[in-house]
Each structure stands twice: as structure tokens, then as C-alpha cells.
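In: my questions are about this predicted structure, shown below with the sequence.
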Amino acid sequence: MTVGLIPGSFDPFHNGHLEVVERAALIFDEIVVAAIRNPQKSASLFELEERQEMIADSTKHIPSVRIVAIATLLVNVAREVNATAIVKGLRAVSDFESELQMAQMNRSLSGVETLFIPTSSNHSFIASRLLREVAQYGGDVSHFVPAPVAVRLREKFRGAQ
């Protein structure tokens, strides 16, 4: 059985993330989406459990998806879930530079390969950071996120303007 491991902070999970999961599900028998608290990024908008719930709600149409939380090295999780490959979405060339370094480190540490899936052009500009900012100031981000995430964002920022 082939297993694709898709890691990310997913804060929040958006349509670019969903596209990568859907496309990876066509390649692998199972997709493990691993939500992580990234210490290199600013404080999270949503708690890890909330992010897992949003991912589950957004991917329930894909039966081969499993969601986990990670608080260790990605290569350790890859071993635990018997990942065939780590799957990363790429929006632009600038993503590739840092993702390539991580892929090389992960392969050196564990032998696990990384597969890059470029997002389509209609999702290439979407970034969780931008969505948080737009939503915080009352902007409508519903076209950029799955419906369950749009609901959570509206609830989170209700009355914040």
C-alpha cells in the first residue's frame, strides 16, 4: 500500500491545500495529512485540534484521507505511518527553494522521498497568512477556503472589526 504524507500548519486549511490532497489521493492508496504547530511561524489562529477538525470536515469526500497531529520530526512521522513519500504543494518558484532543502534533509535522515505537486494557477496566490489577515478585517475569503473553514473563520472574527 502506498502512503502519501502531507505535512503543514494548515492555519487555516485552504483550497490550495485541498487541491494538493485531492491530487495526491489519485496517486497514493492512503493520504495522511499531518497538522503541525510550526514554531518558525507566528502564533496560531486555530488550535491544533481545531485545524484537524477543519481538515477532516473539508476532506470527508476523500475516503483515503487520515488526519494526524505531529509534534516531532517529520521523518519520524513518515516512519510511523509507513509513508511512501512526503507530498508538498508548491505555489511558486520561491516555495521550491526552501522545500528542496527540507526534502534533501528528510531524504538524508530517512531515505523518504518528497514529491512536489504544483498548485493550479487559480490557487497559486493563496496563503494562510493572507487569508487570516483578510478575514480579520472582515474580508470575504469564502472563495479561497472549503466551506467548513469559511464558517470557522467567520466565527473566529465575528465582532473583531
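Out: Done, it's in. Numbers count the residues shown, from 1 in each chain.

In: what's the span of stretch 112-128, first residue to last?
Out: 27 Å (Cα to Cα, to the nearest Å).

In: what do you get for stretch 60-79?
Out: When the termini of stretch 60-79 are compared using Cα to Cα, they are 25 Å apart.

In: for it, give me every contacting residue.
Out: For stretch 60-79, the external contacting residues (Cβ atoms under 8 Å, 6 or more residues apart in numbering) are 5, 7, 21-22, 25, 28-37, 48-49, 52, 55-56, 59, 81, 83, 86, 106, 109-110, 112. (Glycine included, C-beta is placed from N, CA and C.)

In: can you say which of the residues you listed are buried?
Out: 5, 7, 21-22, 25, 28, 30-36, 48, 52, 55, 59, 81, 83, 86, 106, 110, 112 (16 or more other Cβ atoms under 10 Å).

In: identify the residues contacting Arg152.
Out: Pro12, Phe46, Glu50, Met54.

In: tell me how far the nearest residue to Met1 once chain neighbours are set aside lies from Ser128.
Out: Nearest in space to Met1, with sequence neighbours left out and distances taken as Cβ to Cβ, 6 or more residues apart in numbering, is Asp29 at 4.6 Å. Look at Asp29 and Ser128: by Cβ to Cβ, to the nearest Å, they are 28 Å apart.

In: can you map out the strands along the protein?
Out: 3-8, 30-36, 65-70, 85-90, 113-118 (DSSP state E).

In: so the third one versus strand 30-36, what angle?
Out: Read that as strand 65-70. Angle of strand 65-70 versus strand 30-36, following axes from the mean of the first three to the mean of the last three Cα atoms, to 10 degrees, is 30 degrees.

In: in this structure, which helix has the most residues?
Out: Longest helix in the chain, counting residues (DSSP state H): helix 93-110.

In: how far off centre is that helix?
Out: Its chain's C-alpha centre lies 16 Å from the corresponding centre of helix 93-110 when counted by Cα atoms, centre = their mean, to the nearest Å.

In: quick one: work out the angle between it and strand 113-118.
Out: Computed by the same axes, to 10 degrees, the angle between helix 93-110 and strand 113-118 is 170 degrees.

In: show me which positions of helix 93-110 end up buried.
Out: By neighbour count, with 16+ other Cβ under 10 Å as the criterion, the buried positions of helix 93-110 are Asp95, Glu99, Ala103, Asn106, Ser110.
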